[in-house]
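Student: Sequence first, predicted model second:
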Amino acid sequence: MFKVVGGLLTSVLALIGILNLINTLVTSVLSRRLELAMLEAVGMTKRIQRTSICFEGIVYGGLALIFGMILSSAFSVLLVKSIGMEMWFYTYRFTLMPIMIVTPVILMVAMIIPVVIYSRTMKETVVERLRLADA
């Protein structure tokens, strides 16, 4: 029962974390539309912009993984272990396997989402994007 409930809770929290990462990446690209249009107007290519946005996504994903690993390890060792010692039927085993399983998913999301959002946002010409900023 503990494994099923713990697994479901972990899955829900992982889904919330991935959706939060997607929201952060989408907001980052959309809030910098004018900046990206100006950079393109002065000569920055779309390829360089996509690369920098993809790198930014990887940094966000990497930081999320690092902080998640640190916080979950501390939470596990300090809280779960002490609660588990009170239950005679519970054996505490520390593992980082769930983080290792989620790492490729988070990094793929962090690389793909910014590029998709960028390509959908930047379909208009530079002049149209700059003109929309003035309105």
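Tutor: Good, I have the coordinates.

Student: Point to the residue nearest the middle of this structure.
Tutor: residue 21 (3.1 Å; C-alpha atoms, centre = their mean).

Student: Poorly predicted segments of this structure, please.
Tutor: Low-confidence segments of the chain, defined by pLDDT under 70, are located at 2, 133-135.

Student: Show me where it has its helices.
Tutor: 2-31, 33-41, 46-75, 81-84, 97-121, 126-134 (DSSP state H).

Student: So which of those is nearest residue 91?
Tutor: helix 81-84 (7.7 Å; C-beta to C-beta). Every residue, glycine included, has its C-beta placed from N, CA and C.

Student: what about that closest one, distance to the chain center?
Tutor: Distance, stretch centre to chain centre, for helix 81-84: 30 Å (C-alpha atoms, centre = their mean, to the nearest Å).

Student: how close does the residue lying farthest from the centre of the chain get to residue 16?
Tutor: Centroid-distance maximum for the chain: residue 88 at 38.2 Å, with C-alpha atoms, centre = their mean. To residue 16, residue 88 is 33 Å away according to C-beta to C-beta, to the nearest Å.

Student: before we move on, what about residue 50?
Tutor: For residue 50, the distance to residue 16 - C-beta to C-beta - is 27 Å.

Student: got it, and residue 10?
Tutor: Taking C-beta to C-beta, one finds residue 10 at 11 Å from residue 16.

Student: Which one's more surrounded, the two?
Tutor: residue 10 (13 against 10; other C-beta atoms under 10 Å).
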